[in-house]
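Participant: Kindly generate the corresponding structure for this input.
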Amino acid sequence: MSYREGHLFTSQNQEKYSRIQQENDSDFQHQHIHINYSELPKDDLKSLWHKTLQNVIHGICFSIYEDGQKPGSIITEAQVERRIKILQPYAKWVRSFSCIEGNEHVPRVAKKYGMKTLVGAWLGDDLELNEKEIEGLIAMAKDGLVDVAAVGNEVMYRKDLTEEQLLAYIQRVKDAIPHIPVGYVDAYYEFSHRPMITEICDVILTNCYPYWEGCPIEYSFEHMRSMFESAKNAGQGKRVIITETGWPSEGGAFKGSVANAENAMRYFIDCQNWCKSNGIENFYFASFDESWKTGPEGDVGAYWGLWDKHEQLKF
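Facilitator: Sure, this is the predicted structure:
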């Protein structure tokens, strides 16, 4: 996910979140462990980041590509297994983004290592590839490899398909695997803007990125929480999963958002503490840094991982 015009963090957001931070809110969905980062030494921040990860997070988005690889590269099962083995001690669930070109190995290997799976069919403007993705998702679900199925990722944002085409794909998958929750992944606000998509989904799969809305790190937690609440309100009681959220560890700044190691650690800690305290399912983006993403997202695209591109923990 990248910058979306019309959803930038504003001074009104800042005033709102400043007031919220000063309130003593006891509501369940607002339970949060407050940490004064300005008084936390750098070594203590790293220790807290490690402790948060070692406590086991709900889910993580699987980064499949090594240096020199990109979408379209064929990925081996051995490569997927090596990376799943690294992630397995730290996360209960793994999210995959495609069902072809080696991505189909992800849910199979994840199940081998006892992880649950959110499996995505990547949909675009190539209808032949879409057929392969949809058939792959249905086949894996019938083989018992899918715990939650995602039909498409940010398709409406990219305008690759019409809403009617997307709805038909979602209904097709729902009909084929009625025993498995089926949803569609997009930014939090799409679920209030597109009620027909929200209605057809069994589960709301929302991406929440304060970074891409230019939010300063000190307000990022409140902004992420507001994004989640927007998707939750649109869902009207449906299960809501945060399918992507994260903060890059380097690569510059975007408006008020600054990509650096300290902010990446802060955001991860706050996000995981809040989600765990409130029973919110979330998939952190991402597992490993991927160099190919510098093209579509600029320099920060290569630095969203908890592990670097050499598969070493960053901090």
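Participant: helices or strands up against the helix or strand where Ala168 lies?
Facilitator: The secondary structure element spanning Ala168 is helix 163-176 (assigned by DSSP states H and E). When contacts are defined as 3 or more Cβ pairs under 8 Å, 6 or more residues apart in numbering; DSSP states H and E, helix 163-176 sits against helix 127-142, strand 148-153, helix 155-158, strand 182-187, helix 195-200. Yep, even glycine has a C-beta here, placed from its N, CA and C like the rest.
Participant: residues contacting Met140?
Facilitator: Taking Cβ atoms under 8 Å, 6 or more residues apart in numbering as the criterion, Met140 is in contact with Cys99, Glu104, Pro107, Arg108, Val119, Val146.
Participant: Next, work out how far apart it and Ala176 are.
Facilitator: Applying Cβ to Cβ, to the nearest Å, the value for Met140 to Ala176 is 11 Å.
Participant: Please apply the same query to Gly59.
Facilitator: Between Gly59 and Ala176 the distance, using Cβ to Cβ, works out to 24 Å.
Participant: more neighbours, these two?
Facilitator: Summary of the neighbour comparison: Gly59 and Ala176, criterion other Cβ atoms under 10 Å, with Gly59 having more neighbours (24 against 17).
Participant: isn't that one right up against Asn282?
Facilitator: Yes. Assessed by Cβ atoms under 8 Å, Gly59 is found in contact with Asn282 at 6.4 Å.
Participant: before we move on, back to that, from the contacts of Met140, which land in strands?
Facilitator: Val119 (DSSP state E).
Participant: For ChimeraX, write a command that selects the buried ones of the contacts of Met140.
Facilitator: Selecting just the buried residues from the contacts of Met140 in ChimeraX takes one command, with 16 or more other Cβ atoms under 10 Å as the test:
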select :99,104,107,108,119,146
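Participant: and the contacts of Met140 as CSV, adding distance to Gln272?
Facilitator: Listed next are these as CSV, based on distance: Cβ to Cβ, whole Å:
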residue, distance to Gln272
Cys99, 28
Glu104, 29
Pro107, 23
Arg108, 27
Val119, 23
Val146, 25
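Participant: Need the contacts of Met140 in CSV (columns: pLDDT).
Facilitator: Formatted as CSV, the contacts of Met140 follow (pLDDT from 0 to 100):
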residue, pLDDT
Cys99, 98
Glu104, 98
Pro107, 98
Arg108, 98
Val119, 99
Val146, 98
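Participant: Out of the contacts of Met140, flag the one nearest to Gln165.
Facilitator: Distance to Gln165 across the contacts of Met140 (Cβ to Cβ) is lowest for Cys99, with 17.9 Å.
Participant: can you tell me how far Glu297 sits from Ser38?
Facilitator: Taking Cβ to Cβ as the criterion, Glu297 is separated from Ser38 by 29 Å.
Participant: Then Asn263?
Facilitator: 13 Å.
Participant: Tell me which of the two has more neighbours.
Facilitator: The residue with more neighbours, out of Asn263 and Ser38, is Asn263; 22 against 6, by other Cβ under 10 Å.
Participant: Enumerate every residue touching that one.
Facilitator: Per Cβ under 8 Å, 6+ apart, neighbours of Asn263: Ile217, Ser220, Trp247.
Participant: out of the contacts of Met140, which are inside helices?
Facilitator: Within these, residues falling in helices by DSSP state H are Pro107, Arg108.
Participant: Give me the number of neighbouring residues for Met196.
Facilitator: Met196 is surrounded by 12 other residues when neighbours are defined as other Cβ under 10 Å.
Participant: ugh, typo on my part, it should be Val173
Facilitator: Neighbour count of Val173, defined by other Cβ under 10 Å: 24.
Participant: start the count at 466, not 1, going forward
Facilitator: Will do, 466 is the new start, and the previous item becomes Val638.
Participant: The residue nearest the centre of the chain and Ile498: what is the separation?
Facilitator: Centre of the chain computed as the mean C-alpha position; nearest residue by Cα atoms, centre = their mean is Glu709, 1.3 Å away. Summarising the geometry, the distance separating Glu709 from Ile498, computed by Cβ to Cβ, is 23 Å.
Participant: swap in Glu546?
Facilitator: Taken as Cβ to Cβ, the spacing of Glu546 relative to Ile498 amounts to 35 Å.
Participant: Same question for Val705.
Facilitator: For Val705, the distance to Ile498 (Cβ to Cβ) stands at 21 Å.
Participant: just Leu473 next, same as before
Facilitator: Using Cβ to Cβ, Leu473 is found at 28 Å from Ile498.
Participant: same thing with Lys624?
Facilitator: With distances defined as Cβ to Cβ, the gap from Lys624 to Ile498 amounts to 40 Å.
Participant: who has more neighbours, the two?
Facilitator: Neighbour comparison, Lys624 and Ile498: the larger count goes to Ile498, with 11 against 8 (by other Cβ under 10 Å).
Participant: wouldn't that one be in contact with Ser742 here?
Facilitator: Yes. At 6.9 Å, Ile498 and Ser742 qualify as touching, with contact defined as Cβ under 8 Å.
Participant: next one: the strand or helix carrying Ser742 to chain centre, how far?
Facilitator: Ser742 is part of helix 726-743 when elements are defined by DSSP H and E. Average the C-alpha atoms of helix 726-743, do the same for its chain, and the two points are 14 Å apart (Cα atoms, centre = their mean, to the nearest Å).
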